[in-house]
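Engineer: Everything below, folded, please.
(2 chains)
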2 protein chains.
Amino acid sequence: MRRLLFEIAYAGRRYHGYQVQQNAVTVAETLQDAIETAFKKRENITGCSRTDAGVHARQYFFHMDTESRIPEAAAVIALNNLLPDDICVKSCREVPADFHARYSVCWKEYQYRIWDGAVKEPFLEGLAARFKYPLDAALMDCCAQEFLGRHDFSAFRSTGSKEGSAVRAIYAASVRRQGDEVLFTVAGDGFLYNMVRIMAGTLAAPPGRLAPGVIARALAAGSRESAGVTAPPEGLYLNRVSYAPWEGAG
Amino acid sequence: MRRLLFEIAYAGRRYHGYQVQQNAVTVAETLQDAIETAFKKRENITGCSRTDAGVHARQYFFHMDTESRIPEAAAVIALNNLLPDDICVKSCREVPADFHARYSVCWKEYQYRIWDGAVKEPFLEGLAARFKYPLDAALMDCCAQEFLGRHDFSAFRSTGSKEGSAVRAIYAASVRRQGDEVLFTVAGDGFLYNMVRIMAGTLAAPPGRLAPGVIARALAAGSRESAGVTAPPEGLYLNRVSYAPWEGAG
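Structural biologist: So this is what the prediction gives:
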């Protein structure tokens, strides 16, 4: 039995998220279908993260235990030939049996893409969120620094979710403008349900609603209403997933 | 009665081409639905070009005759609010009654985008054609020059089409590499059905199949078999449409 770790990327537009669901096409189910054809056996796979419907991943990992002797490089080629064009397999390697795609994650980085140009950009449909008012990226960058450090992020999680402690550590946060796009990038040890989308929605508040201190006060208040709206899924990218080097994956 | 000329752009992924068809969602029908809501009346519209299913337009024009007094700038805003995110209206202006979105075209430019990277790029799905062998952009650029000038393009039109003269003039043709993308750009006074896609398919022939003289010989032979395959629609962009300046549109 080998444990294989696959690195993939996907555009989430066509999928109801990563995780397998009834009556909806998901990334995981699409991967399992391709694996079943390539490996001649349906295998369970364990992803590094759940992503919502419409959310993208520039880097994503899943692991799979298999009796198959197929070489890693051949598995990459076979799966890429079987998968649709919006999912790609970048690499495959064997990892120790105690390596876990989800629990071994050291930190993750997300990016949230906003398009605030005066007219729509048809080729970003499904790949960025459109905001109809101009954003102040410098102010957003300043305010985003208030996320840094270890905080209780109760104000920044979906009201429906109850997953124990809301304490998370944010290692880096920045907002940069590139032409008509505004990019919010954030890295941390873990993220609550909808956390990045609420962070983005709070930073991208309508003109006059964001100011230094707004985010610190929302963190202190700890209530969902003290933060901003949940920004739409199409702007969100899981950007990087990092494992501790001694756990066998870079 | 005013004749309005609209400039739009669209991503063709979700559409069965520009032209209205039975039982298929097209760009023209989507525009007419939005116009019916904005102008309180269903109007006929005349596009500058037919585009196939999956083909994109970075610049596209249509004209419409209307009794409506709605200001041009207000029409742009209203339509953009009504249209889906993959179609955008860039401008609207009144043109003389003898201006015609299709017949007044002076020249058009198309671009064909090919991705020939070793692994798939999920975020280009539907926005570029993927070729699984590496392309020689310098050789393609050299051979593309054989398209320049006035020729009978019978070898470069779909076998089903019989639209009279196949003589067209090509004013510019180039192939450039940008990272893992190869861009073929071509401008001319008119294009036959599938002409750009057959040009692209001929230039992007498998290794060893393209050489100086191949295109000139196909043009001289005039038979469809002497040219290459029809490259897939998702790589094709109508890039620019130019009207003679004295006809009222720049």
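
Engineer: Grab the longest helix from chain A for me.
Structural biologist: Looking across chain A with DSSP state H, the single longest helix is helix A:27-39.

Engineer: ok, and for it, which residues are buried?
Structural biologist: A:V27, A:A28, A:E29, A:T30, A:L31, A:Q32, A:A34, A:I35, A:A38, A:F39 (16 or more other Cβ atoms under 10 Å in any protein chain shown). The C-beta positions use only the backbone N, C-alpha and C, and glycine is treated the same way.

Engineer: what about dumping the CA coordinates of that helix to CSV?
Structural biologist: Taking C-alpha atoms only, helix A:27-39 is exported to CSV below (Å, rounded to 0.1, in the frame of the first residue of the first chain):
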residue,chain,number,x,y,z
VAL,A,27,-14.1,18.4,-8.0
ALA,A,28,-13.6,15.4,-5.7
GLU,A,29,-16.2,13.3,-7.6
THR,A,30,-14.6,14.3,-11.0
LEU,A,31,-11.2,13.3,-9.6
GLN,A,32,-12.5,10.0,-8.3
ASP,A,33,-14.1,9.2,-11.7
ALA,A,34,-10.8,9.8,-13.5
ILE,A,35,-8.9,7.8,-10.8
GLU,A,36,-11.3,4.9,-11.2
THR,A,37,-10.5,4.8,-14.9
ALA,A,38,-6.8,5.2,-14.5
PHE,A,39,-6.3,2.9,-11.5
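
Engineer: contact partners of it?
Structural biologist: Residues from elsewhere that reach helix A:27-39 (Cβ atoms under 8 Å, 6 or more residues apart in numbering or on different chains): A:8, A:10, A:12, A:15, A:17-20, A:42-43, A:45, A:47, A:51, A:62, A:64, A:66, A:68, A:70, A:75, A:78-79, A:82-84, A:87.

Engineer: cool, and stretch A:141-157?
Structural biologist: A:163, A:166-176, A:184, A:186, A:192-195, A:198-199, A:202-203, A:210-216, A:218-219, A:221-224, A:226-227.

Engineer: Among the residues you listed, name the ones in helices.
Structural biologist: Those of the contacts of stretch A:141-157 lying in helices (DSSP H): A:M195, A:I198, A:M199, A:T202, A:L203, A:V214, A:I215, A:A216, A:A218, A:L219, A:A221.

Engineer: Tell me the confidence at the third one?
Structural biologist: A:M199 is assigned a predicted lDDT (pLDDT) of 98.

Engineer: what separates the closest residue in space to it that isn't next to it in sequence from chain B, distance-wise?
Structural biologist: Nearest-residue entry for A:M199: A:F156, 5.8 Å, with adjacent residues in sequence omitted and distances by Cβ to Cβ, 6 or more residues apart in numbering or on different chains. As judged by Cβ to the nearest Cβ, to the nearest Å, A:F156 and chain B stand 27 Å apart.

Engineer: same deal with A:G208?
Structural biologist: A:G208 is 22 Å from chain B, by Cβ to the nearest Cβ.

Engineer: what about that residue, how many neighbours?
Structural biologist: The local packing of A:G208 (other Cβ atoms under 10 Å in any protein chain shown) involves 6 other residues.

Engineer: So what does it look like in phi/psi?
Structural biologist: phi 90, psi -10 (degrees, to the nearest 10).

Engineer: Need the pLDDT of it.
Structural biologist: What the model reports as pLDDT for A:G208 is 91.

Engineer: residues contacting it?
Structural biologist: So A:G208 contacts nothing (Cβ under 8 Å, 6+ apart).

Engineer: Much appreciated, bye for now.
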